[in-house]
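Visitor: Provided below for reference: sequence and predicted model.
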Number of protein chains: 2
Amino acid sequence: MWQLYQFPLCPFSRKVRLLLGEKGVGYTLVRENPWERRDEFIDMNPAGQTPVIADPERDVRLIDSLVICEYFDETVDKAQMINGTAAQRAEIRRLSTWFDTFFYRDVTEKLLGERMIKRVVTKQGPDAKVLREAMKSAVEYLDYTDYLLGRHNWMAGSTLSLADLAAAAQISVADYLGGIDWKSHEETARWYSGMKSRPSFRPLLSERMEGIPAASHYDDVNF
Amino acid sequence: MWQLYQFPLCPFSRKVRLLLGEKGVGYTLVRENPWERRDEFIDMNPAGQTPVIADPERDVRLIDSLVICEYFDETVDKAQMINGTAAQRAEIRRLSTWFDTFFYRDVTEKLLGERMIKRVVTKQGPDAKVLREAMKSAVEYLDYTDYLLGRHNWMAGSTLSLADLAAAAQISVADYLGGIDWKSHEETARWYSGMKSRPSFRPLLSERMEGIPAASHYDDVNF
């Protein structure tokens, strides 16, 4: 059985969980707080980041969320998430990387820093200025996803792909932390409501990170 | 004909150039200084980063160096750079991403900031403390590549792969900027000498970034 090292608000672990859910791959969760830099975890992944997924019986260990997603998309035929022509696959990878890199840097990482790390690790209150910047950035990103979703039903084209999973993973963590203002983002809200309804997404909606309350609309499909 | 938007010391563009060279794909260079944030370039790639590769005749535009490498590895059979079993492909992708993310963050980006951006953009001298930190980090990274290369001939296994191209791209920029101390890194020096001898690498060794001198041993295969 695969073991996924993660914590509830890790957006990269969420992307992997969504993909494994769509593909019907079973796994167990192993709680890992990467900020604690546990020796055994650093031995597994010197980069010290979640997610890591391992199958001790088969002596396979995979590190980095994109690497993990590529691996399962190559080895499990069901629900191909990097699909279509080479150009379409490039667009799926571009958007996935864009959410993982830029949405994370400008929105999710800041919200996690202020509303989770400061509470859990340094016992400080959040910096209102940083929170405002993150929420302002989120509006700009959702303007762009509105544009994408105005052109076709899913982020990267006419079918569900890794780009949707990457987007939903980042947006769901930002939404949990109260960082998303859904007003005036109808296209993205419609898409996100659809994502929330998927069986692959339901386990994420019912989980909570201890000591970090979720926004009141977080688990409401009709938010 | 493909057009690659890049500047001489962009490590991510170098990785793409090495891959295109290995595969024998022709392209022309278009000089792009991403720090100038040229409007036409931002229109092409809202993330504002090099490399971008475009073929106007075929109306294809690819953004992000990993996306570009995956595209050409999928569409050009010659010299497969993400090869082997699914687990081997995962290891190639893990190491490539590791160089792109962590070596870049701790070594290349700092050296570029101090020795290129400050000279070209802000007309300041480098911060000696930041340079020392970057060079100290480089030693630690080369300790790890020595370990990898002590186990097999190439970074990710017994054949040349994208992991070698990603490593050579980052290390070559750091070496150009005088950030690599080759003493006590015999395995990596032997591997790098081999990389420098490859036809795909030669064009990079003869190029210079205007106003930024290369380290004296930079283009010497027997450094």
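Guide: Great, that's in hand.
Visitor: C-alpha from now on. contacts and neighbour counts both.
Guide: Fine.
Visitor: show me what contacts the nearest residue to A:D127 once chain neighbours are set aside?
Guide: Excluding the flanking residues, the one nearest A:D127 by CA to CA, 6 or more residues apart in numbering or on different chains is A:E114, at 6.4 Å. Residues in contact with A:E114 (CA atoms under 8 Å, 6 or more residues apart in numbering or on different chains) are A:G125, A:P126, A:D127, A:V130, A:L131.
Visitor: also A:F223?
Guide: By CA under 8 Å, 6+ apart, the residues touching A:F223 are A:S193, A:H217.
Visitor: measure it to chain B for me?
Guide: 30 Å (CA to the nearest CA, to the nearest Å).
Visitor: mind checking what secondary structure that residue has?
Guide: A:F223 carries the three-state label coil when classified by DSSP: H, G, I helix; E, B strand; the rest coil.
Visitor: got a pLDDT number for it?
Guide: A:F223 carries a pLDDT value of 83.
Visitor: tell me how far it lies from A:T159.
Guide: Noted for A:F223: a distance of 24 Å to A:T159, by CA to CA, to the nearest Å.
Visitor: likewise for A:V120?
Guide: According to CA to CA, A:V120 and A:T159 sit 39 Å apart.
Visitor: go on, A:G26?
Guide: Taking CA to CA as the measure, A:G26 falls 24 Å from A:T159.
Visitor: do the same with A:N33
Guide: On the measure of CA to CA, A:N33 and A:T159 end up 34 Å apart.
Visitor: near chain B, which residues of chain A?
Guide: Residues of chain A lying close to chain B (CA under 8 Å from any CA of the partner chain) are A:47, A:60, A:62-64, A:67-68, A:70-71, A:74-75, A:86-87, A:89-91, A:93-94, A:102.
Visitor: among those, name the buried ones.
Guide: Burial by neighbour count, judged by 16 or more other CA atoms under 10 Å in any protein chain shown, picks out A:47, A:62-64, A:67-68, A:70-71, A:74, A:86-87, A:89-91, A:93-94 from the residues of chain A next to chain B.
Visitor: residues contacting the residue of chain A most remote from its centre?
Guide: Distance from the centre of chain A peaks at A:E57, with 27.4 Å (CA atoms, centre = their mean). By CA under 8 Å, 6+ apart, the contact set of A:E57 is A:M1.
Visitor: doesn't it fall inside a strand?
Guide: No - using three-state DSSP, the secondary structure at A:E57 is helix, not a strand.
Visitor: so which bits of the helix or strand of chain A with the lowest mean pLDDT are buried?
Guide: Least confident helix or strand of chain A, by mean pLDDT, DSSP states H and E, is helix A:202-206 with a mean of 94. Within helix A:202-206, the residues that qualify as buried are A:R202, A:L204, A:L205, counting by 16+ other CA under 10 Å.
Visitor: gap between stretch A:81-89 and the chain center?
Guide: 20 Å (CA atoms, centre = their mean, to the nearest Å).
Visitor: just the helices in chain A please.
Guide: For chain A, the helices defined by DSSP state H cover A:11-23, A:39-44, A:65-75, A:86-98, A:109-112, A:128-151, A:162-176, A:186-196, A:202-206.
Visitor: domain-wise, how is chain A divided?
Guide: Here the domain parsing of chain A from automatic domain parsing is A:2-75, A:86-206.
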